[in-house]
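Asks: Here is my input, please return the structure:
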Amino acid sequence: MKFKVEIDENCIEPEITVKCHELTPEVIALQKALGSLGTGTQTLALTKNDTEFFLQADDIIFFETDERTVNAHTADNVYQTKYKLYELEKMFPMKFMRVSKSAIVNIGKIYSITKGLSNCFIQFAGSVKQLYVSRMYYKPLRDRMDERR
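Replies: A predicted model of the protein is given here:
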């Protein structure tokens, strides 16, 4: 696959054109990934104590399962969502990634990753919350963090 970037000083908004012989699964995945970049202001309907809140995806630091419910954590609150973790991963493929069987994390909100001999924890900017990272997901998380740099 070729990748070409052209700098145009007269360009007002970035424009992406994909030329291909046929619509392959790779092209479809690329389209979804690029399309999700513009959804940073997408809001989610979340509930807390029978009240429905509409929060931006960027405000959520991680999602985790608690028995049968999926909780959305912000820096200082916890809300419930009707979505399953795998659905949330598909909704925000560029922002969130799985870090354990029961959690996905907002990559942009990670402040630090502490790796011990037997466990690993993520700390978040502006919050006292911590999240456990499974050994299986530690290396992909490190790779994704390196890509962001």
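Asks: For residue 99, see how far away the nearest residue to residue 52 once chain neighbours are set aside is.
Replies: Using Cβ to Cβ, 6 or more residues apart in numbering and skipping residues adjacent in sequence, the residue nearest residue 52 is residue 45, 5.8 Å away. Where C-beta positions appear, they are placed from N, C-alpha and C, glycine not excepted. Distance of residue 45 to residue 99, given as Cβ to Cβ, to the nearest Å: 24 Å.
Asks: quick one: which of these two has more around it?
Replies: residue 99 (26 against 12; other Cβ atoms under 10 Å).
Asks: now the strands for the protein?
Replies: Secondary structure of the chain (DSSP state E): strands at 43-48, 51-56, 62-66, 69-73, 78-81, 96-100, 103-106, 110-115, 120-124, 130-132.
Asks: Quick one, which of these gets closest to residue 17.
Replies: strand 96-100 (27.7 Å; Cβ to Cβ).
Asks: low pLDDT regions in the chain?
Replies: 32, 35-41, 149 (pLDDT under 70).
Asks: correct me, but residue 124 touches residue 113?
Replies: No: Residue 124 lies out of contact with residue 113 (Cβ atoms under 8 Å); the separation is 10.8 Å.
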